[in-house]
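S.K.: sequence plus the predicted model coming up.
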Amino acid sequence: MDYSELTQKIKQWGKELGFQQVGISDIDLQQHEAQLQRWIDAGFHGEMDWMARHGMMRARPAELHPGTIRVISVRMNYLPPEAGFAQSLNKPETAYISRYSLGRDYHKLIRNRLKRLGQMIEKEVGEFGYRPFVDSAPILERPLAEKAGLGWTGKHSLILNKDAGSWFFLGELLIDLPLPVDPPAQNQCGKCVACLTSCPTGAIVENGVVDARRCISYLTIEFDGIIPEEFREPIGNRIYGCDDCQLVCPFNRFSEITDESDYHCRDSLYRQPLHTLFAWTEQQFLKNTEGSAIRRIGHIQWLRNLAIAMGNAPYHADIMTALQQRQGENEVLEVHIQWALQKQQEKRQENTIEVLPAKTKRLIRIVEKGLPRDA
């Protein structure tokens, strides 16, 4: 069999299936095992127990799918045409939702395309071993994508492509065919530290290493408990995920808009007022997030994230009323509602002081300091 010719066919089929790039790598990830173990030992995975549960299987694809000797890595653009860049972040009363989740959940879509790619290969070569994965198994997909030439690992730990930035999903097809491998991409981050300095919570602790416990994406999506107070104000109006490290990346100037209409923004989620989303019943939440990655966090966690954002928003009577109406519904939610109400009340008082005459403001400051009237 001419594996070089087959490789070219596979790459062409991949593009026909909607992937912007297809690359092939071997399965040797031994050099990443020590770094993975250090990351886990440091507790940077937070409460994502599954990151540690499978040990070094993540770095050994053949243990995940016996017989594997190559991995076909693919990328698919997801940047919607109406992304709006940082406009929502500049409107604190509006919900900011990470761009990847504004449309349909990518997992099933990409996995089905990878399965079809496997079937196309099978039609060409006969029966062979293959298995598709999309962020759904213990496998180091980013190092594999890097080895396959899809890009390099940026300082924010995401894969960067010089022609496409980082607004894309990854997927893998594990196979038992000895296809020729692609050369890895060269790292082009240079001295740029934009992603490190822009992280609202300082979650990027060193080049390519993220402490998930400080990451807004982890806190709003993976973590379902009480968010530490030190992170609540930095979260701002980000109610599901965070894109800050990507928003500032120079390479994302070259990102392409997705061709997949499924990734376009849903009207029910895009640029919505915080108190509007907070008013959703559980039934409304399930209906409006059907087929979306957002649904998996559940209604209470959704409300928790919104409560924090509402606490960070400028004072508004509608926000106060919305928060008060949900008091007592859930213990975890209640902690964040009380914090948000306190923040709103503080802003209300600040607004009141701002409109007072100068003499009255001076008297208030004197009383607050506990000084005598004639001071």
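M.R.: That came through, no problem. Residues are numbered from 1 along each chain as shown.
S.K.: checking Leu174 next. Helix, strand or coil?
M.R.: Assigned by DSSP: H, G, I helix; E, B strand; the rest coil, the conformation of Leu174 is strand.
S.K.: what's the neighbour count on it?
M.R.: Here the count is done by other C-beta atoms under 10 Å, and Leu174 has 26 residues near it. Bear in mind the C-beta positions are built from the backbone N, C-alpha and C, glycine included.
S.K.: bridge partners for it, pull those for me.
M.R.: Val71, Arg131 (DSSP bridges).
S.K.: gap between it and Asp2?
M.R.: 22 Å (C-beta to C-beta, to the nearest Å).
S.K.: could you do Gln301 as well?
M.R.: With C-beta to C-beta as the criterion, Gln301 and Asp2 are 52 Å apart.
S.K.: I'd assumed Tyr78 was in contact with Gln20.
M.R.: No: using C-beta atoms under 8 Å, Gln20 is not in contact with Tyr78, being 10.3 Å away.
S.K.: more neighbours: those two, which one.
M.R.: Using other C-beta under 10 Å, the more surrounded residue of Gln20 and Tyr78 is Tyr78, with 24 against 18.
S.K.: quick check on the closest residue to the more buried one other than its chain neighbours: phi, psi?
M.R.: Once flanking residues are discounted, Tyr78 sits nearest to Tyr263: 4.6 Å by C-beta to C-beta, 6 or more residues apart in numbering. Torsion angles at Tyr263 (phi, psi; degrees, to the nearest 10) stand at phi -90, psi 0.
S.K.: hey, where'd the strands end up in the stretch 101-250 of the chain?
M.R.: Using DSSP state E, counting those that start in this stretch, the strands found in the stretch 101-250 of the chain span residues 130-133, 152-153, 159-160, 168-175, 204-206, 209-210, 238-240.
S.K.: save the ones you listed as CSV, and put in mean pLDDT too.
M.R.: Below are the strands of the stretch 101-250 of the chain laid out as CSV (pLDDT from 0 to 100):
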stretch, mean pLDDT
strand 130-133, 96
strand 152-153, 98
strand 159-160, 97
strand 168-175, 98
strand 204-206, 96
strand 209-210, 96
strand 238-240, 97
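S.K.: could I get those as CSV with distance to Ala307?
M.R.: Output for the strands of the stretch 101-250 of the chain, formatted as CSV (distance: least, C-beta to C-beta, whole Å):
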stretch, distance to Ala307
strand 130-133, 35
strand 152-153, 35
strand 159-160, 33
strand 168-175, 30
strand 204-206, 26
strand 209-210, 25
strand 238-240, 9
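S.K.: rewinding a little: contacting residues for the residue nearest to Tyr78?
M.R.: Residues near Tyr263 by C-beta atoms under 8 Å, 6 or more residues apart in numbering: 78-80, 102-104, 106.
S.K.: give me that answer again for 7 Å
M.R.: 78, 80, 103-104 (C-beta atoms under 7 Å, 6 or more residues apart in numbering).
S.K.: could you do Arg326 as well?
M.R.: Arg326 neighbours (C-beta under 7 Å, 6+ apart): 303, 333, 337.
S.K.: quick one: residues in contact with whatever helix or strand the last one lives in.
M.R.: With elements delineated by DSSP states H and E, Ile337 resides in helix 331-354, which encompasses its position. Applying C-beta under 7 Å, 6+ apart, the set of residues contacting helix 331-354 from outside is 225-226, 232, 300, 303-304, 307-308, 310-312, 314-315, 319-320, 323, 326-328, 361, 364.
S.K.: which of the residues you listed count as buried?
M.R.: 232, 300, 303-304, 307-308, 310-312, 315, 319-320, 323, 326 (16 or more other C-beta atoms under 10 Å).
S.K.: pLDDT wise, what is Gly14 at?
M.R.: With respect to pLDDT, Gly14 has a value of 98.
S.K.: I figured it was touching Gly118, is that so?
M.R.: No: at 11.1 Å, Gly14 does not count as touching Gly118 under the criterion of C-beta atoms under 7 Å.
S.K.: who has more neighbours out of those two?
M.R.: Neighbour count, other C-beta under 10 Å: between Gly14 and Gly118, Gly14 has more, with 26 against 20.
S.K.: flag every buried residue along stretch 109-129.
M.R.: Neighbour-count burial for stretch 109-129 [16+ other C-beta under 10 Å]: 109-111, 113-114, 116-118, 120-121.
S.K.: next: stretch 250-258.
M.R.: So for stretch 250-258, counting by 16+ other C-beta under 10 Å, buried means 251-252, 255, 258.
S.K.: swap in stretch 147-166?
M.R.: 147-161, 164-166.
S.K.: point to the helix or strand of the protein where mean pLDDT is at its lowest.
M.R.: None of the helices or strands of the chain scores lower by mean pLDDT, DSSP states H and E than helix 358-369, at a mean of 54.
S.K.: with neighbour numbers in mind, choose between Gln301 and Asp2.
M.R.: Neighbour tally, Gln301 and Asp2, criterion other C-beta under 10 Å: the higher count belongs to Gln301, 22 against 8.
S.K.: excluding its backbone neighbours, what's nearest that one?
M.R.: Nearest residue to Gln301, sequence neighbours excluded (C-beta to C-beta, 6+ apart): Asp224, at 5.3 Å.
S.K.: number of nearby residues for that neighbour?
M.R.: 14.
S.K.: from Cys192, how far off is it?
M.R.: 34 Å.
S.K.: could you do Ile319 as well?
M.R.: In terms of C-beta to C-beta, Ile319 sits 38 Å off from Cys192.
S.K.: Ser166 now?
M.R.: Relative to Cys192, Ser166 is positioned 13 Å away (criterion: C-beta to C-beta).
S.K.: what's the answer for Glu33, then?
M.R.: From Glu33 to Cys192 the distance is 28 Å (C-beta to C-beta).
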